[in-house]
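Undergrad: Provided below for reference: sequence and predicted model.
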Amino acid sequence: MKIVYMGTPDFAVAPLNALIRAGHEVTLVLTGEDKPRGRGQAVHFPPVKEAALAAGIPVLQPRNMRDPSLLGVLRESGAELFVVAAYGKLLPREILSIPRFGCVNLHGSLLPEYRGAAPIQQAVIDGREKTGITTMRMNEGLDTGDILRQYPIPIAADETGGSLFEKLAALAAEAILDTIIGLVAGEIEARPQGEQGSSYAPMLKKEMGNICWTDSAARIERRIRGLSPWPGCYSFLNGTMLKIWKAQTAESEPQGGSREAEPGTISALRAGKLWVQTGDGFLILDEVQPEGKKRMRSEDYLRGARIREGARFSDRRSG
(Lines give C-alpha, C1' and ligand atoms only; values in the text may rest on other atoms or scores of the structure.)
Protein backbone atom coordinates (compact mmCIF):
# COMPACT_ATOMS: atom_id res chain seq x y z
CA MET A 1 0.00 0.00 0.00
CA LYS A 2 1.19 3.54 -0.74
CA ILE A 3 1.45 5.53 2.47
CA VAL A 4 2.35 9.05 3.55
CA TYR A 5 3.75 8.96 7.08
CA MET A 6 3.63 11.84 9.57
CA GLY A 7 5.55 11.75 12.86
CA THR A 8 8.29 13.49 14.78
CA PRO A 9 9.77 11.96 18.00
CA ASP A 10 11.32 8.60 18.90
CA PHE A 11 7.87 7.11 19.52
CA ALA A 12 7.07 7.39 15.80
CA VAL A 13 10.23 5.69 14.51
CA ALA A 14 9.29 2.07 15.24
CA PRO A 15 5.94 2.24 13.36
CA LEU A 16 7.66 3.85 10.36
CA ASN A 17 10.30 1.13 10.25
CA ALA A 18 7.63 -1.55 10.63
CA LEU A 19 5.75 -0.22 7.60
CA ILE A 20 8.94 -0.25 5.55
CA ARG A 21 9.89 -3.79 6.63
CA ALA A 22 6.37 -5.03 5.85
CA GLY A 23 6.77 -3.91 2.25
CA HIS A 24 4.47 -0.91 2.26
CA GLU A 25 5.53 1.90 -0.05
CA VAL A 26 6.09 4.94 2.14
CA THR A 27 6.25 7.61 -0.54
CA LEU A 28 6.72 10.66 1.69
CA VAL A 29 7.37 11.55 5.33
CA LEU A 30 6.20 14.74 7.04
CA THR A 31 7.89 15.66 10.31
CA GLY A 32 8.50 18.57 12.69
CA GLU A 33 11.11 21.24 12.25
CA ASP A 34 14.81 20.83 13.00
CA LYS A 35 15.69 22.30 16.39
CA PRO A 36 18.90 23.50 18.07
CA ARG A 37 19.95 21.54 21.17
CA GLY A 38 22.71 21.48 23.72
CA ARG A 39 25.19 24.11 24.80
CA GLY A 40 26.41 24.73 21.28
CA GLN A 41 22.84 24.95 19.95
CA ALA A 42 23.73 22.61 17.09
CA VAL A 43 20.78 21.84 14.82
CA HIS A 44 19.37 18.33 15.27
CA PHE A 45 16.96 16.47 13.00
CA PRO A 46 13.80 14.95 14.48
CA PRO A 47 14.22 11.18 14.96
CA VAL A 48 11.64 10.42 12.27
CA LYS A 49 13.52 12.56 9.75
CA GLU A 50 16.71 10.64 10.47
CA ALA A 51 14.91 7.31 10.00
CA ALA A 52 13.26 8.44 6.76
CA LEU A 53 16.49 9.75 5.24
CA ALA A 54 18.26 6.52 6.18
CA ALA A 55 15.58 4.63 4.24
CA GLY A 56 15.81 6.97 1.26
CA ILE A 57 12.34 8.44 1.73
CA PRO A 58 11.69 12.11 0.82
CA VAL A 59 11.00 14.36 3.80
CA LEU A 60 8.95 17.54 4.15
CA GLN A 61 8.85 19.77 7.23
CA PRO A 62 5.89 22.09 6.61
CA ARG A 63 5.05 24.95 8.94
CA ASN A 64 1.60 25.55 7.51
CA MET A 65 -0.59 22.50 7.02
CA ARG A 66 -2.96 24.54 4.84
CA ASP A 67 -0.27 25.57 2.36
CA PRO A 68 -1.70 24.95 -1.15
CA SER A 69 1.64 23.58 -2.36
CA LEU A 70 1.62 20.98 0.44
CA LEU A 71 -1.92 19.96 -0.42
CA GLY A 72 -0.84 19.54 -4.02
CA VAL A 73 2.09 17.32 -3.08
CA LEU A 74 -0.11 15.14 -0.87
CA ARG A 75 -2.74 14.74 -3.58
CA GLU A 76 -0.10 13.85 -6.15
CA SER A 77 1.58 11.30 -3.85
CA GLY A 78 -0.94 8.64 -4.80
CA ALA A 79 -1.04 7.47 -1.19
CA GLU A 80 -4.07 5.41 -0.18
CA LEU A 81 -3.47 5.96 3.53
CA PHE A 82 -1.91 8.63 5.73
CA VAL A 83 -0.44 7.29 8.99
CA VAL A 84 0.14 9.75 11.84
CA ALA A 85 2.10 9.09 15.05
CA ALA A 86 2.97 11.91 17.46
CA TYR A 87 3.29 14.38 14.62
CA GLY A 88 2.46 17.43 16.72
CA LYS A 89 0.15 19.18 14.25
CA LEU A 90 -3.58 19.03 13.64
CA LEU A 91 -4.59 18.12 10.10
CA PRO A 92 -7.17 20.27 8.30
CA ARG A 93 -10.16 18.78 6.54
CA GLU A 94 -8.49 19.28 3.15
CA ILE A 95 -5.77 16.78 4.12
CA LEU A 96 -8.02 14.37 5.99
CA SER A 97 -10.16 13.86 2.89
CA ILE A 98 -7.31 12.99 0.51
CA PRO A 99 -6.47 9.28 1.05
CA ARG A 100 -8.84 6.46 0.18
CA PHE A 101 -8.51 4.78 3.58
CA GLY A 102 -8.38 8.05 5.50
CA CYS A 103 -5.83 9.24 8.06
CA VAL A 104 -5.03 6.76 10.84
CA ASN A 105 -3.51 8.03 14.07
CA LEU A 106 -1.50 5.93 16.53
CA HIS A 107 -2.24 7.23 20.03
CA GLY A 108 -0.56 6.07 23.25
CA SER A 109 -3.66 5.50 25.38
CA LEU A 110 -6.97 3.67 25.40
CA LEU A 111 -9.08 6.53 24.09
CA PRO A 112 -11.07 8.46 25.12
CA GLU A 113 -8.74 8.38 28.16
CA TYR A 114 -5.79 10.74 27.90
CA ARG A 115 -6.30 12.70 24.76
CA GLY A 116 -3.50 15.18 24.26
CA ALA A 117 0.27 15.32 24.14
CA ALA A 118 1.50 13.21 27.09
CA PRO A 119 -0.84 10.23 27.59
CA ILE A 120 1.97 7.79 28.41
CA GLN A 121 3.42 9.74 31.31
CA GLN A 122 0.02 10.74 32.68
CA ALA A 123 -1.12 7.13 32.92
CA VAL A 124 1.86 6.36 35.19
CA ILE A 125 1.31 9.49 37.29
CA ASP A 126 -2.34 8.60 37.81
CA GLY A 127 -1.55 5.03 38.86
CA ARG A 128 -3.42 3.32 36.02
CA GLU A 129 -3.12 -0.46 35.86
CA LYS A 130 -3.31 -0.63 32.08
CA THR A 131 -2.98 1.49 28.98
CA GLY A 132 -2.37 0.73 25.32
CA ILE A 133 -2.40 1.89 21.74
CA THR A 134 -5.50 3.13 19.95
CA THR A 135 -5.65 3.30 16.19
CA MET A 136 -8.09 6.02 15.28
CA ARG A 137 -9.53 7.49 12.09
CA MET A 138 -8.67 11.15 12.43
CA ASN A 139 -11.05 14.08 12.33
CA GLU A 140 -10.38 17.78 12.89
CA GLY A 141 -10.50 17.49 16.68
CA LEU A 142 -7.71 16.66 19.12
CA ASP A 143 -7.69 12.87 19.37
CA THR A 144 -11.47 12.69 19.01
CA GLY A 145 -11.81 10.55 15.89
CA ASP A 146 -13.54 7.19 15.62
CA ILE A 147 -11.72 4.23 17.15
CA LEU A 148 -10.57 1.52 14.77
CA ARG A 149 -8.83 -0.92 17.12
CA GLN A 150 -7.30 -0.91 20.61
CA TYR A 151 -4.32 -2.86 21.92
CA PRO A 152 -4.13 -2.90 25.75
CA ILE A 153 -1.08 -3.70 27.90
CA PRO A 154 -0.58 -3.70 31.70
CA ILE A 155 1.41 -1.01 33.47
CA ALA A 156 4.07 -2.49 35.76
CA ALA A 157 4.28 -1.42 39.41
CA ASP A 158 7.75 0.05 38.81
CA GLU A 159 6.96 1.50 35.37
CA THR A 160 8.51 4.81 34.38
CA GLY A 161 7.42 7.16 31.65
CA GLY A 162 10.49 6.08 29.69
CA SER A 163 9.97 2.33 30.00
CA LEU A 164 6.29 2.59 29.09
CA PHE A 165 7.17 4.85 26.16
CA GLU A 166 9.41 2.12 24.73
CA LYS A 167 6.79 -0.60 25.22
CA LEU A 168 4.07 1.43 23.54
CA ALA A 169 6.31 2.42 20.62
CA ALA A 170 6.92 -1.26 19.91
CA LEU A 171 3.23 -2.00 20.30
CA ALA A 172 2.34 0.85 17.93
CA ALA A 173 4.49 -0.80 15.25
CA GLU A 174 2.46 -4.00 15.57
CA ALA A 175 -0.83 -2.11 15.82
CA ILE A 176 -0.49 -0.18 12.56
CA LEU A 177 0.29 -3.31 10.55
CA ASP A 178 -2.67 -5.15 12.08
CA THR A 179 -4.99 -2.19 11.52
CA ILE A 180 -3.99 -1.88 7.86
CA ILE A 181 -4.77 -5.54 7.30
CA GLY A 182 -8.18 -5.03 8.88
CA LEU A 183 -8.92 -1.92 6.82
CA VAL A 184 -7.99 -3.56 3.52
CA ALA A 185 -10.07 -6.64 4.36
CA GLY A 186 -13.03 -4.48 5.38
CA GLU A 187 -13.07 -6.14 8.80
CA ILE A 188 -12.97 -2.99 10.93
CA GLU A 189 -16.10 -1.14 11.94
CA ALA A 190 -15.08 2.24 13.34
CA ARG A 191 -16.87 3.31 16.50
CA PRO A 192 -17.31 6.79 17.95
CA GLN A 193 -15.38 7.56 21.13
CA GLY A 194 -18.03 9.45 23.00
CA GLU A 195 -17.19 11.72 25.93
CA GLN A 196 -17.84 9.39 28.86
CA GLY A 197 -14.54 8.65 30.58
CA SER A 198 -12.61 11.15 28.48
CA SER A 199 -9.61 12.94 29.96
CA TYR A 200 -6.77 15.14 28.80
CA ALA A 201 -2.99 14.77 29.19
CA PRO A 202 -1.29 18.15 28.69
CA MET A 203 2.11 18.68 27.10
CA LEU A 204 5.00 18.08 29.47
CA LYS A 205 6.80 21.13 30.84
CA LYS A 206 9.85 21.31 33.07
CA GLU A 207 7.96 22.97 35.91
CA MET A 208 5.66 19.93 36.17
CA GLY A 209 8.57 18.17 37.88
CA ASN A 210 8.64 20.60 40.82
CA ILE A 211 7.48 18.38 43.68
CA CYS A 212 4.52 19.48 45.78
CA TRP A 213 5.25 17.90 49.16
CA THR A 214 1.68 18.38 50.38
CA ASP A 215 0.68 15.61 47.94
CA SER A 216 0.65 12.07 49.29
CA ALA A 217 3.82 9.97 49.22
CA ALA A 218 2.13 7.57 46.79
CA ARG A 219 1.27 10.31 44.31
CA ILE A 220 4.73 11.89 44.51
CA GLU A 221 6.36 8.50 43.90
CA ARG A 222 4.20 7.96 40.82
CA ARG A 223 5.03 11.43 39.54
CA ILE A 224 8.75 10.71 39.92
CA ARG A 225 8.35 7.56 37.81
CA GLY A 226 5.98 9.15 35.30
CA LEU A 227 8.24 12.12 34.59
CA SER A 228 11.37 10.00 34.22
CA PRO A 229 13.50 10.55 32.18
CA TRP A 230 12.04 13.93 31.15
CA PRO A 231 11.45 16.45 32.56
CA GLY A 232 12.34 14.67 35.80
CA CYS A 233 11.25 15.59 39.32
CA TYR A 234 13.12 17.99 41.57
CA SER A 235 12.96 20.08 44.70
CA PHE A 236 15.20 22.61 46.45
CA LEU A 237 17.26 21.91 49.55
CA ASN A 238 19.56 24.43 51.21
CA GLY A 239 19.08 26.75 48.24
CA THR A 240 20.12 24.28 45.51
CA MET A 241 18.19 21.99 43.23
CA LEU A 242 18.10 18.27 43.92
CA LYS A 243 16.66 16.01 41.24
CA ILE A 244 14.92 12.92 42.57
CA TRP A 245 15.08 9.94 40.22
CA LYS A 246 13.88 7.07 42.33
CA ALA A 247 11.90 6.82 45.55
CA GLN A 248 9.62 4.51 47.49
CA THR A 249 6.76 4.98 49.86
CA ALA A 250 7.38 4.00 53.48
CA GLU A 251 5.21 1.31 55.01
CA SER A 252 5.69 2.77 58.50
CA GLU A 253 7.08 5.82 60.29
CA PRO A 254 10.86 6.10 60.78
CA GLN A 255 11.92 5.04 64.25
CA GLY A 256 13.26 7.93 66.26
CA GLY A 257 12.69 10.47 63.50
CA SER A 258 10.81 13.75 63.59
CA ARG A 259 7.04 13.24 63.59
CA GLU A 260 4.17 15.44 62.57
CA ALA A 261 6.58 17.70 60.69
CA GLU A 262 5.63 20.03 57.85
CA PRO A 263 5.46 18.39 54.40
CA GLY A 264 8.89 18.44 52.75
CA THR A 265 10.76 17.99 56.04
CA ILE A 266 13.54 15.40 56.20
CA SER A 267 12.22 13.45 59.17
CA ALA A 268 14.99 10.86 59.35
CA LEU A 269 18.27 9.72 57.82
CA ARG A 270 18.35 5.93 58.02
CA ALA A 271 20.72 3.48 56.30
CA GLY A 272 21.77 6.09 53.78
CA LYS A 273 18.19 7.04 52.89
CA LEU A 274 16.31 10.30 53.29
CA TRP A 275 12.85 9.94 54.79
CA VAL A 276 10.73 12.91 53.79
CA GLN A 277 7.38 13.86 55.30
CA THR A 278 4.63 14.39 52.73
CA GLY A 279 1.02 15.41 52.98
CA ASP A 280 0.19 11.76 53.63
CA GLY A 281 2.95 9.36 54.62
CA PHE A 282 6.71 9.29 54.15
CA LEU A 283 8.74 9.14 50.95
CA ILE A 284 12.13 7.41 51.02
CA LEU A 285 14.58 8.81 48.47
CA ASP A 286 16.71 6.14 46.76
CA GLU A 287 18.43 7.92 43.84
CA VAL A 288 19.10 11.64 43.53
CA GLN A 289 21.16 14.09 41.49
CA PRO A 290 22.67 17.16 43.12
CA GLU A 291 22.85 20.27 40.97
CA GLY A 292 25.80 20.11 38.57
CA LYS A 293 26.58 16.46 39.39
CA LYS A 294 25.70 12.97 38.20
CA ARG A 295 22.83 10.80 39.29
CA MET A 296 23.75 8.77 42.40
CA ARG A 297 22.42 6.60 45.19
CA SER A 298 21.15 8.50 48.21
CA GLU A 299 23.81 6.97 50.46
CA ASP A 300 26.54 8.34 48.17
CA TYR A 301 24.89 11.74 48.20
CA LEU A 302 24.71 11.79 51.99
CA ARG A 303 28.42 11.02 52.33
CA GLY A 304 29.30 14.38 50.81
CA ALA A 305 26.25 16.49 51.62
CA ARG A 306 25.75 18.28 54.91
CA ILE A 307 22.16 17.27 55.49
CA ARG A 308 20.51 17.10 58.89
CA GLU A 309 17.20 15.80 60.12
CA GLY A 310 14.71 18.63 60.22
CA ALA A 311 15.95 20.28 57.02
CA ARG A 312 13.09 21.09 54.70
CA PHE A 313 12.66 20.94 50.95
CA SER A 314 11.23 23.99 49.18
CA ASP A 315 9.61 24.57 45.82
CA ARG A 316 11.91 27.58 45.23
CA ARG A 317 15.67 28.03 45.09
CA SER A 318 15.51 30.64 47.86
CA GLY A 319 13.63 28.31 50.20
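TA: Great, that's in hand. Not measured: the values here are computed from a predicted model. Residues are numbered from 1 along each chain as shown.
Undergrad: could you point out which element follows the helix or strand of the chain with the lowest mean pLDDT?
TA: Scoring the helices and strands of the chain by mean pLDDT, DSSP states H and E places strand 35-37 at the bottom, with a mean of 82. Going down the chain from strand 35-37, the next helix or strand is strand 42-44, by DSSP states H and E.
Undergrad: touching the helix or strand following that next one from outside, list them.
TA: Beyond strand 42-44 on the C-terminal side, the first helix or strand identified by DSSP H and E is helix 47-54. Here helix 47-54 makes contact (CB atoms under 8 Å, 6 or more residues apart in numbering) with 5, 7-10, 12-13, 16-17, 26, 29, 31, 34, 45, 58-59, 61. C-beta: built from backbone N, CA, C; applies to glycine.
Undergrad: stretch 181-194 too?
TA: 1, 81, 101, 104, 111-112, 136-137, 144-149, 179.
Undergrad: list the buried residues for that stretch?
TA: Leu183, Ile188, Gln193 (16 or more other CB atoms under 10 Å).
Undergrad: for the residues you listed, which one is nearest Arg39?
TA: Gln193 (43.7 Å; CB to CB).
Undergrad: need the nearest residue in space to the closest one, chain neighbours excluded.
TA: Pro112 (4.4 Å; CB to CB, 6 or more residues apart in numbering).
Undergrad: which SSE is immediately downstream of the biggest helix by length in the chain?
TA: Scanning the chain for the helix with the most residues, using DSSP state H, yields helix 161-185. Counting by DSSP H and E, the element after helix 161-185 in chain order, helix or strand, is strand 200-201.
Undergrad: which elements pack onto that following strand?
TA: Applying 3 or more CB pairs under 8 Å, 6 or more residues apart in numbering; DSSP states H and E, one finds that strand 200-201 contacts strand 115-116, helix 119-125.
Undergrad: make JSON lines out of those and add mean neighbour count, mean pLDDT and distance to Ser97.
TA: JSON lines is the format used below for those (neighbours: other CB atoms under 10 Å; pLDDT from 0 to 100; distance: least, CB to CB, whole Å):
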{"stretch": "strand 115-116", "mean neighbour count": "17", "mean pLDDT": "98", "distance to Ser97": "22"}
{"stretch": "helix 119-125", "mean neighbour count": "24", "mean pLDDT": "98", "distance to Ser97": "26"}
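Undergrad: any chance of the ones you listed in CSV, with distance to Lys246 too?
TA: Output for the helices and strands packed on strand 200-201, formatted as CSV (distance: least, CB to CB, whole Å):
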stretch, distance to Lys246
strand 115-116, 27
helix 119-125, 14
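Undergrad: for Ser267, find the nearest of those.
TA: Once the helices and strands packed on strand 200-201 are compared by CB to CB, helix 119-125 is nearest, at 24.4 Å.
Undergrad: packing partners of the closest one?
TA: Helix 119-125 packs on strand 130-137, helix 161-185, strand 200-201, helix 217-226, going by 3+ CB pairs under 8 Å, 6+ apart.
Undergrad: buried residues, the least confident helix or strand of the chain. List them.
TA: Under 16+ other CB under 10 Å, strand 35-37 has no buried positions.
Undergrad: re the thing from before, show me the contacts for the residue nearest to Gln193.
TA: Residues Asp143, Thr144, Gln193, Gly194, Glu195, Gln196, Gly197, Ser198, Ser199 are the ones in contact with Pro112 under the rule CB under 8 Å, 6+ apart.
Undergrad: what do you get if the cut-off is 6 Å, keeping everything else the same?
TA: Listed by CB atoms under 6 Å, 6 or more residues apart in numbering, the contact partners of Pro112 are Gln193, Gly197, Ser198.
Undergrad: you'd agree it is in a strand?
TA: No - according to DSSP: H, G, I helix; E, B strand; the rest coil, the state of Pro112 is coil, so it is not within a strand.
Undergrad: stretch 51-66 - what's its average pLDDT?
TA: Average pLDDT, stretch 51-66: 97.
Undergrad: tell me the pLDDT at Ala261?
TA: So, for Ala261, pLDDT stands at 87.
Undergrad: and the residue lying closest to it once chain neighbours are set aside, how many neighbours?
TA: For Ala261, ignoring the flanking residues on the chain, the nearest one in space by CB to CB, 6+ apart is Gln277 at 4.6 Å. Gln277: 27 surrounding residues under other CB atoms under 10 Å.
Undergrad: pull the distance from the longest helix of the chain to the chain's centre.
TA: Distance of helix 161-185 from its chain centroid, counting by CA atoms, centre = their mean, to the nearest Å, is 15 Å.
Undergrad: quick one: the strands in the stretch 201-319 of the chain?
TA: 233-237, 240-249, 266-270, 273-277, 282-290, 296-297 (DSSP state E, counting those that start in this stretch).
Undergrad: who are the packing partners of the fourth one?
TA: For strand 273-277, the packing partners by 3 or more CB pairs under 6 Å, 6 or more residues apart in numbering; DSSP states H and E come out as strand 266-270, strand 282-290.
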